[in-house]
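Trainee: Just need the structure, nothing else, for what follows:
(2 chains)
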Number of protein chains: 2
Amino acid sequence: LLKGGVIYPALPQPNFKSLLPLAVHWHHTASKSLTCAWQQHEDHFELKYANTVMRFDYVWLRDHCRSASCYNSKTHQRSLDTASVDLCIKPKTIRLDETTLFFTWPDGHVTKYDLNWLVKNSYEGQKQKVIQPRILWNAEIYQQAQVPSVDCQSFLETNEGLKKFLQNFLLYGIAFVENVPPTQEHTEKLAERISLIRETIYGRMWYFTSDFSRGDTAYTKLALDRHTDTTYFQEPCGIQVFHCLKHEGTGGRTLLVDGFYAAEQVLQKAPEEFELLSKVPLKHEYIEDVGECHNHMIGIGPVLNIYPWNKELYLIRYNNYDRAVINTVPYDVVHRWYTAHRTLTIELRRPENEFWVKLKPGRVLFIDNWRVLHGRECFTGYRQLCGCYLTRDDVLNTARLLGLQA
Amino acid sequence: LLKGGVIYPALPQPNFKSLLPLAVHWHHTASKSLTCAWQQHEDHFELKYANTVMRFDYVWLRDHCRSASCYNSKTHQRSLDTASVDLCIKPKTIRLDETTLFFTWPDGHVTKYDLNWLVKNSYEGQKQKVIQPRILWNAEIYQQAQVPSVDCQSFLETNEGLKKFLQNFLLYGIAFVENVPPTQEHTEKLAERISLIRETIYGRMWYFTSDFSRGDTAYTKLALDRHTDTTYFQEPCGIQVFHCLKHEGTGGRTLLVDGFYAAEQVLQKAPEEFELLSKVPLKHEYIEDVGECHNHMIGIGPVLNIYPWNKELYLIRYNNYDRAVINTVPYDVVHRWYTAHRTLTIELRRPENEFWVKLKPGRVLFIDNWRVLHGRECFTGYRQLCGCYLTRDDVLNTARLLGLQA
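Mentor: Take a look at the predicted model:
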């Protein structure tokens, strides 16, 4: 195939030829290092480049124009009024110059795309990619990983320390900071280093012992089975910060379980049950009438939350205490849901998936509350815990600014 | 049919008889005022009461037990370990006493249910009901409704004033408070009356003129077409508070459009397009590098968000400025999405759906940012606006505590 004086290595043609409804002319070029072929179809533009076959809708190509009149590069916002684009638009001409494609539209407007930008931003180019890389773990995997804690000073005063911490946090869903003065003020300072603190009905920073000052079992000495917090918020809190300031007594170890590791086992063993847990919407509820505290909160969403295009899990809501009445699906689906919930629970309760840690003054634990479940051993004696909730958006914001993928 | 000495009015039997796979014994009773019939099937319990035919899974019936050992009525949390319930559980005996059903399980545990509680909490009993009642409006409907503003003092100092305000807000998605001293402090006091203020990358209270101090077109004098805010947060802010403290110039009217009214038109005219807008996940992005402000936020979700069981709309994300690259679906779905987006945009832009209001010092506007789109006319002169974002969960919390349905 010869196009513009460039000999193009024979492509695996058969599968394309058969695709072509019309006698369509293939355009090929082989710039110094890269080979690229494209084809203007009746209703879309097909591009083969960097081992990726991509198909673009013409309205999409016009709508994503990054020219000065269509896109404000200072605010990174679209200026083009998408509703002004003719839904039947087709390019008048298409031209490739080195690694840039030029589309000229019927009104003369020109849109240009860098080939690599298209690969990175196309459906085909990104659908296999995960939004956030993770390492799933059971107790053995996590212990063997020997994930280093970050020292308080390095965490607070250097970008390297902060980036190291966030890298671990994003990968494993838990991370520790050491040598932190055991006070609420220092815990707050730590939290604000990576995100905005999310004020909730529990205040900005919370501080509790076992005095049952709030209408929640957390404020007792009882053991708490593994769960995620604030499932009764429409968006559960993204991150939970725990700092045990004092404990004079026995027990009170903290249990951590990687919910995504457990969910992955369910996906492998019973994909239809994984699917059901990601489809059936549940209500979680928090009703409080203790002393001055009166609250009634309801959050609605499935146990497992996935991105539809790549099936990537991004949130698990699991709290048997706060799970309200299941009345969003008929009885037969309810029964299948209980079966799926049981399969997930069995995985979450496997001893080998349980990572136990004793929180001590000076060692602050950050938990990804969308992924890692926590629980607690019952305890005796006086125990003082402080912490807070962070908004996930803001933690990911900090991570992106440090160059991490999130 | 005679059961326990009570003559039971002939029921419309045919449709039930044919349902019965086994020769199953119907239990009927007609207490003084109510008629009730139930039937123990192999895999579920069927109940006819208050003109509702309900079916309950047996695990559900055991799992929702409100006995002292299964449910902590002080914290309103489940104590029962759901994983301890045999997935094949069936009741040993079922007895009805007046309006209470008693299920005795194989281990002797007894669970009781009030018939009305079952109706209220069953799938069949609630699937038709909306979670939050709303009155959808175009400009004419809203103006004719003559929704009264609430006076600042009544709003701040009486539960009636607060409840009246919240009732209007929940029904219409917008509400006004009058006679508010035009200061940021008073605006903050108003906001805290109904909810926690949500701290974001814009701070707790924001305060802006047209000095482009932030990387967003809002900080210019340009006209802004209708949109919802913070679509680049995983959970867009629930409520937006606007108080124009000063404006010496022309233009600058605020545009309000009921997104749910427009979406309802799409549902009527093109249900498959409504469905597509509720299925295709989009990314919205905020990238900022202005002065000291560096942020990169990404929110993922469809334009229309509905509860799957009753198709009730609860959130619309519509922001053409912040809509990032569409790459979560193939090109042919992309094209159909643009068509659906166009249909919705046409409805949103019908002049008759536009409610224009000039914000003046002393009159504070609360907008349900999950439902009502806002925009702005370009303006001249010095304009000072302050406001904040409120978390939706916390506004609904306040509404529920005042006895409102939310």
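Trainee: Please make it C-alpha for all contacts and neighbour counts, starting now.
Mentor: Fine.
Trainee: where does chain A dip in pLDDT?
Mentor: A:1-34, A:210-220 (pLDDT under 70).
Trainee: remind me, longest helix of it?
Mentor: helix A:331-348 (DSSP state H).
Trainee: which other helices and strands contact it?
Mentor: Secondary-structure packing of helix A:331-348 (3 or more C-alpha pairs under 8 Å, 6 or more residues apart in numbering or on different chains; DSSP states H and E): helix A:259-269, helix A:271-279, strand B:52-57, helix B:58-63.
Trainee: go again using 7 Å as the cut-off
Mentor: helix A:259-269, helix A:271-279, strand B:52-57 (3 or more C-alpha pairs under 7 Å, 6 or more residues apart in numbering or on different chains; DSSP states H and E).
Trainee: how about JSON lines for these, with mean neighbour count and distance to A:His247 added?
Mentor: Converted to JSON lines, the helices and strands packed on helix A:331-348 look like this (neighbours: other C-alpha atoms under 10 Å in any protein chain shown; distance: least, C-alpha to C-alpha, whole Å):
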{"stretch": "helix A:259-269", "mean neighbour count": "19", "distance to A:His247": "28"}
{"stretch": "helix A:271-279", "mean neighbour count": "19", "distance to A:His247": "38"}
{"stretch": "strand B:52-57", "mean neighbour count": "19", "distance to A:His247": "44"}
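Trainee: and the closest residue to A:Thr228 other than its chain neighbours, what are its bridge partners?
Mentor: Closest residue in space to A:Thr228, ignoring its immediate chain neighbours: A:Leu373 at 5.0 Å, by C-alpha to C-alpha, 6 or more residues apart in numbering or on different chains. Going by DSSP bridges, A:Leu373 is paired in beta bridges with A:Val257.
Trainee: Looking at the helices and strands packed on helix A:331-348, which is nearest to A:Ile94?
Mentor: Ranking these by proximity to A:Ile94 (C-alpha to C-alpha) places helix A:271-279 first, at 43.0 Å.
Trainee: Tell me what angle that closest one forms with helix A:331-348.
Mentor: 100 degrees (axes from the mean of the first three to the mean of the last three C-alpha atoms, to 10 degrees).
Trainee: what does helix A:271-279 rub up against?
Mentor: Contacts to helix A:271-279, defined as C-alpha atoms under 7 Å, 6 or more residues apart in numbering or on different chains, come from residues A:266-267, A:302-306, A:337, A:340.
Trainee: Next, the angle helix A:259-269 makes with it.
Mentor: 140 degrees.
Trainee: what about A:Asp97, how many residues close to it?
Mentor: Burial of A:Asp97 is recorded as 10 neighbouring residues (other C-alpha atoms under 10 Å in any protein chain shown).
Trainee: I meant to write A:Glu178 there.
Mentor: 19.
Trainee: quick one on the thing from earlier: export the contacts of helix A:271-279 to a markdown table and append columns for distance to B:Val329.
Mentor: Converted to a markdown table, the contacts of helix A:271-279 look like this (distance: C-alpha to C-alpha, whole Å):
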| residue | distance to B:Val329 |
| --- | --- |
| A:Val266 | 26 |
| A:Leu267 | 23 |
| A:Pro302 | 22 |
| A:Val303 | 24 |
| A:Leu304 | 21 |
| A:Asn305 | 18 |
| A:Ile306 | 15 |
| A:Trp337 | 28 |
| A:Ala340 | 28 |
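Trainee: Dihedrals phi and psi, the residue positioned nearest the centre of chain A?
Mentor: Nearest residue to the geometric centre of chain A (C-alpha atoms, centre = their mean): A:Tyr314, 4.3 Å. With angles defined as degrees, to the nearest 10, A:Tyr314 sits at phi -130, psi -10.
Trainee: what's the closest of the helices and strands packed on helix A:331-348 to B:Leu224?
Mentor: Closest among those, using C-alpha to C-alpha: helix A:271-279, at 37.1 Å.
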